[in-house]
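> A structural model of the following input is requested.
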Amino acid sequence: MNTRQQELYDITIIGGGPAGMYAAFYSGMRAMRTKIIEAKEQLGGFMRTYPEKLIWDVGGVEPIHCEKLIESLEKQAKTFDPTLVFGQEIASLERREDQTFVLTSKTGERHYTRTILLCAGRGMTQVQKLDIEGANRYELTNLHYTVTDLSRFADKRVLISGGGDSAIDWANEIAKLAKQVIVVHRRHEFTAHEQPVEQMRAACQVKMPYSISRLYGADDHIEHVELVHVETGAIEQLDVDEIIVSHGYDRDFGNLSNWGLEREDYGVSVDARMRTSIPGIFGAGDFITYGSKVRLIAGAFNDAVLAVNSAKLYLEPAASDMAGVSSHNARFFEKNKALLQQ
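Residues are numbered from 1 along each chain as shown. Here you go, the predicted model:
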């Protein structure tokens with residue numbers, strides 16, 4: 001076992017999405033020795049699935065592409081030099097007699113920590129694919145489950161299947177450059193936020209309640225689709241150039257589900273201070289749920305602050321309730337001098 005693995009950290013963050021990255025920054029403000037363990041090979045979490053998506057609702061940040069926001073969050077997360085561990089999925093949890101924890105990954109590496117902050121987001125996600133015979137043959141051509149390059153949809157007829165936030169956001173972005181955007185949803189109501197839905201209805205053709213029932217193509221390229229009305233069974237056919245399927249993701253939290261944490265339908269239960277049912281283990285972001293939970297990136301930041309503050313007080317009951325603001329926080333004095341000298 002190498003020396004780094006034997007070291008005891010004040011807080012170990014499981015998950016490197018927006019909650020985990022901001023928690024790493026804020027725990028640095030609280031002078032906590034911090035480690036992030038990320039199952040994938042880079043930070044960003046679920047945000048990596050839509051790098052071209054424009055994000056509008058982060059306070060004080062102008063509309064920004066998701067990949068750029070990830071870059072900013074990653075830079076901020078590294079402010080106080082946390083230890084970063086990639087490519088490790090946690091397999092087991094052990095509590096020692098001194099009340100510290102041992103986290104063992106599937107690779108066999110062991111990580112020692114005084115507290116744990118669960119920021120596993122949506123877990124190891126698996127996209128819900130179009131359940132139509134032969135659909136997989138088009139995945140390398142014009143059937144998409146995510147969008148990485150908006151320009152490919154310019155001047156094309158694009159069909160988007162789905163009714164959630166991602167589907168509506170893509171419709172609004174692609175409508176700016178496509179010849180036509182058709183949104184197909186199997187229900188009578190959209191689950192996305194109201195304002196984007198209104199914008200989408202004004203810019204796109206909407207067909208509901210319909211679902212895709214068949215794909216027609218040549219040379220592994222879809223040319224038109226068959227839609228079926230989910231109530232009447234009426235059939236309609238449309239010519240299309242590109243199809244985007246946004247039906248959500250299956251969530252898999254792996255061995256984290258076996259820790260004995262109290263759970264509800266939408267995640268692990270925490271109290272108002274982000275404490276789970278196991279002392280010393282806290283949660284933030286999409287992984288958790290509580291009465292006033294806000295499932296936005298901005299909400300994940302607030303969760304992270306509350307969780308880190310609770311972890312600090314768990315370790316040091318006499319500590320202040322929160323970190324000093326950055327303009328008065330001693331940890332920034334030298335960093336501010338260096339910036340002013342540039």
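
> rest of the way, CA atoms for contacts and neighbours
Will do.

> what's the local residue count around Gly233?
As a burial measure, Gly233 scores 10 neighbours (other Cα atoms under 10 Å).

> longest helix of this protein?
helix 297-315 (DSSP state H).

> packing partners of that one?
Other helices and strands packing on helix 297-315, by 3 or more Cα pairs under 8 Å, 6 or more residues apart in numbering; DSSP states H and E, are helix 18-29, strand 110-118, strand 281-283.

> those: which one's closest to Val270?
Of all those, it is strand 281-283 that lies closest to Val270, at 7.0 Å by Cα to Cα.

> rounded mean pLDDT for the closest one, please.
Averaged across strand 281-283, the pLDDT comes to 97.

> what comes up buried for it?
Within strand 281-283, the residues scored as buried using 16 or more other Cα atoms under 10 Å are 281-283.

> about what we covered before: what angle sits between the longest helix of the chain and strand 110-118?
Going by axes from the mean of the first three to the mean of the last three Cα atoms, to 10 degrees, helix 297-315 is angled at 120 degrees with respect to strand 110-118.

> so what's the gap between helix 297-315 and the chain middle?
Mean-position distance between helix 297-315 and its chain equals 17 Å (Cα atoms, centre = their mean, to the nearest Å).

> do stretch 190-203 as well
Per Cα atoms, centre = their mean, the centroid offset for stretch 190-203 relative to its chain is 21 Å.

> and for it, what's in contact with it?
Outside stretch 190-203, the residues that touch it by Cα atoms under 8 Å, 6 or more residues apart in numbering are 163-166, 168-169, 171-172, 175, 181.

> contacting residues for the most centrally placed residue in the chain?
The centroid of the chain falls nearest to Phe46 when counting by Cα atoms, centre = their mean (3.3 Å). For Phe46, the contacting residues are 17, 121-122, by Cα under 8 Å, 6+ apart.

> backbone phi and psi for Lys337, please?
Main-chain torsions, Lys337, degrees, to the nearest 10: phi -60, psi -40.

> ok, now how distant is it from Gly28?
Distance of Lys337 to Gly28, computed by Cα to Cα, to the nearest Å: 18 Å.

> okay, now the unreliable bits of the chain?
Within the chain, the stretches with pLDDT under 70 are 1-5, 123-125, 250-253.

> domain parsing for it?
The record's domain split for the chain, according to automatic domain parsing, is 3-125+251-341, 128-247.

> now do the helices in this structure.
Ranges of helices within the chain are 3-6, 18-29, 66-77, 165-174, 194-203, 297-315, 333-341, based on DSSP H.

> one step back: ok, so of the contacts of stretch 190-203, who is nearest Ala91?
Nearest to Ala91 out of the contacts of stretch 190-203 is Ser166 (Cα to Cα; 30.9 Å).

> neighbours of Val325, how many?
Neighbours of Val325 (other Cα under 10 Å): 10.

> now do stretch 72-91: distance from first to last residue.
30 Å.

> stretch 95-111 too?
Using Cα to Cα, one end of stretch 95-111 lies 12 Å from the other.

> now that stretch: buried residues?
Per 16+ other Cα under 10 Å, stretch 95-111 contains these buried residues: 100-105, 110-111.

> quick check, nearest of the residues you listed to Glu38?
Distance to Glu38 across these (Cα to Cα) is lowest for Ser105, with 10.6 Å.

> nearest spatial neighbour of the closest one, skipping sequence neighbours?
Nearest non-adjacent residue to Ser105, counting by Cα to Cα, 6 or more residues apart in numbering: Ile90, 4.1 Å away.
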